[in-house]
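[1] I would like the atomic coordinates for the input below:
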Amino acid sequence: MTQSATADHTFSDPGADPGDGAAGSAPGRAVSLYGSNVEYALHCLLWLAPAREAPASSRDLAELTGVSPALVAKVLPKLEKAGVLEAHGGVAGGYRLAKPAGEITVLEIVDAVDGGKRLFDCKEVRLKCPLFGADPPTWASRGVCTIHAVMLRAEKSMRREMAQTTLLDIANAVGVKAPDSFGAEVGGWLDDRIVAREQARVAGIRDSAQRRLQEG
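    Coordinates of the predicted model:
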């Protein structure tokens with residue numbers, strides 16, 4: 001199974017802090033470099049990995065992912081701005097991938113949602129030894145800080161891995177675990193939601209017209 005099944009049932013706790021991972025971490029839990037918004041964005045995008053003619057609303061994606069609609073409504077525009085998603089208006093509107101899932105990298109998603117973070121912030125502690133006084137020797141400041149260099153290599157490796165992994169890669173890996181029918185079930189659920197919204201819209205128009213007739 002490939003694109004058709006994109007659900008991973010190990011979703012994040014919807015009660016977690018809607019901001020970053022640091023603020024939402026429980027006592028005793030390690031703070032993550034990237035916040036929970038990255039996880040939520042990736043899970044929402046997984047639902048869109050199978051090619052669909054009809055877009056999915058942010059509220060439906062939030063419900064499928066098990067997180068706050070208000071949170072998803074803040075995350076998806078960032079992906080749209082980055083060219084990962086395209087938005088469509090109207091009752092049947094929502095979001096679709098702006099390009100094939102195989103052309104969207106994890107790095108692209110991470111940078112769009114929670115970019116600008118560095119793995120390590122070197123404070124040049126190597127120059128603060130009291131033996132140096134006010135004028136550290138040249139050898140102490142020569143080149144990049146050795147500790148910083150290790151962290152830079154680690155960050156480069158991490159970003160390279162994310163750049164080499166696409167949304168389709170993740171969807172395919174998740175699809176191996178899901179039943180063959182699950183992708184069609186998700187598509188049917190999304191289609192039913194579109195139909196329900198259209199029916200509610202028509203009913204609202206009809207009720208409004210009837211009230212005007214009664215009042216006239």
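[2] Going along the chain, name the helices of the protein.
    21-24, 36-48, 58-65, 69-81, 106-114, 138-141, 146-164, 167-175, 182-215 (DSSP state H).
[3] what sits against the residue sitting nearest the centre point of the chain?
    Central residue of the chain (C-alpha atoms, centre = their mean): residue 41, 1.5 Å from the mean position. Residue 41 is in contact with 75, 76, 78, 79, 109, 112, 113, counting by C-beta atoms under 8 Å, 6 or more residues apart in numbering. The C-beta positions use only the backbone N, C-alpha and C, and glycine is treated the same way.
[4] What count of nearby residues applies to the nearest residue to the fourth one once chain neighbours are set aside?
    This points to residue 79. If the residues on either side of it in the chain are set aside, residue 79 comes closest to residue 85, at 4.5 Å by C-beta to C-beta, 6 or more residues apart in numbering. Here the number of neighbours of residue 85 (other C-beta atoms under 10 Å) works out to 25.
[5] before we move on, what about residue 165?
    Neighbours of residue 165 (other C-beta under 10 Å): 14.
[6] Repeat that for residue 132.
    Other residues near residue 132 number 13, with proximity taken as other C-beta under 10 Å.
[7] Ok, residue 42 next?
    If we define neighbours as other C-beta under 10 Å, then residue 42 has 17 of them.
[8] show me what contacts the residue lying closest to it once chain neighbours are set aside?
    Spatial nearest neighbour of residue 42, chain neighbours left out: residue 109 (6.1 Å); criterion: C-beta to C-beta, 6+ apart. Neighbour list for residue 109: 38, 41, 42, 45, 79, 82, 84, 167 [criterion: C-beta under 8 Å, 6+ apart].
[9] for residue 75, same thing?
    Contacts of residue 75 (C-beta under 8 Å, 6+ apart): 37, 40, 41, 44, 113.
[10] Go through these and give me the one with the most neighbours.
    Neighbour-wise, these (other C-beta under 10 Å) top out at residue 40, 27 neighbours.
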